[in-house]
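*Asks:* Got a sequence here, can you build the structure:
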Amino acid sequence: MLDIGWSELLVVAIVAIVVVGPKDLPKLMRTVGFYVGKARRAAADFQRQFNEAIAESEADEVRKNLEAIRANMGPAPDLNQPIGKPLMTGPSAPAETDFVTPPEEPALPEPPAKETTAKKAPAKKKAPAKKKPRAAKKAAKADDSGESKP
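*Replies:* Sure thing, here's the model as predicted:
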């Protein structure tokens, strides 16, 4: 992109006014804008086509790699084959595969017995004293003071 400062732009504007004249300057600016827009669209179109060509060449490479992989795999496996037989076999794979059972794990030893010692019985807690209702407290106070009951 062009690095044009304000001073250069001002010089170009003054030269354009002097050479073209103030009457024809708007028409000139419109024409210049039209051609600049055309150039930008052409550059964007070129860039888009270039990117599409790159993407297409990459797609071709991927397609060629897939075809090479398919050629090395051999014929497609028969999916209607019984499950007990392997679907894919290589040159070193046996014709039939024996199913191997995992080895049994040895039994773990019993944990040592814990020694039992005589435990003391926990001390019993005393039950909290029952609270008297308020009316009973007032009656007890009245009895102590020698007053009559209400």
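*Asks:* would you put the C-alpha positions of stretch 44-59 in PDB?
*Replies:* Only the C-alpha atoms of stretch 44-59 are listed here, as PDB (Å, rounded to 0.1, in the frame of the first residue of the first chain):
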ATOM      1  CA  ALA A  44      -9.600  -9.400  -5.200                       C
ATOM      2  CA  ASP A  45     -10.800 -11.700  -8.000                       C
ATOM      3  CA  PHE A  46      -7.200 -12.700  -8.800                       C
ATOM      4  CA  GLN A  47      -6.500 -13.400  -5.100                       C
ATOM      5  CA  ARG A  48      -9.700 -15.500  -4.800                       C
ATOM      6  CA  GLN A  49      -8.800 -17.500  -7.900                       C
ATOM      7  CA  PHE A  50      -5.300 -18.000  -6.600                       C
ATOM      8  CA  ASN A  51      -6.600 -19.300  -3.200                       C
ATOM      9  CA  GLU A  52      -9.000 -21.700  -5.000                       C
ATOM     10  CA  ALA A  53      -6.200 -23.100  -7.100                       C
ATOM     11  CA  ILE A  54      -4.100 -23.700  -4.000                       C
ATOM     12  CA  ALA A  55      -7.100 -25.400  -2.300                       C
ATOM     13  CA  GLU A  56      -7.700 -27.500  -5.300                       C
ATOM     14  CA  SER A  57      -4.100 -28.600  -5.600                       C
ATOM     15  CA  GLU A  58      -4.100 -29.500  -1.900                       C
ATOM     16  CA  ALA A  59      -7.400 -31.500  -2.400                       C
END
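*Asks:* Check the model's average confidence along it for me.
*Replies:* The average pLDDT within stretch 44-59 is 90.
*Asks:* go on, stretch 6-18?
*Replies:* The predicted model assigns stretch 6-18 a mean pLDDT of 85.
*Asks:* Could you export that stretch as PDB, CA atoms only?
*Replies:* Extracted C-alpha coordinates of stretch 6-18, given in PDB (Å, rounded to 0.1, in the frame of the first residue of the first chain):
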ATOM      1  CA  TRP A   6      -0.900  14.800   4.300                       C
ATOM      2  CA  SER A   7       1.800  17.000   2.700                       C
ATOM      3  CA  GLU A   8       2.000  14.800  -0.400                       C
ATOM      4  CA  LEU A   9      -1.700  14.600  -0.700                       C
ATOM      5  CA  LEU A  10      -2.000  18.400  -0.400                       C
ATOM      6  CA  VAL A  11       0.500  18.900  -3.200                       C
ATOM      7  CA  VAL A  12      -1.300  16.500  -5.500                       C
ATOM      8  CA  ALA A  13      -4.600  18.300  -4.800                       C
ATOM      9  CA  ILE A  14      -3.200  21.700  -5.500                       C
ATOM     10  CA  VAL A  15      -1.600  20.400  -8.800                       C
ATOM     11  CA  ALA A  16      -4.900  18.800  -9.800                       C
ATOM     12  CA  ILE A  17      -6.800  22.100  -9.200                       C
ATOM     13  CA  VAL A  18      -4.300  24.100 -11.200                       C
END
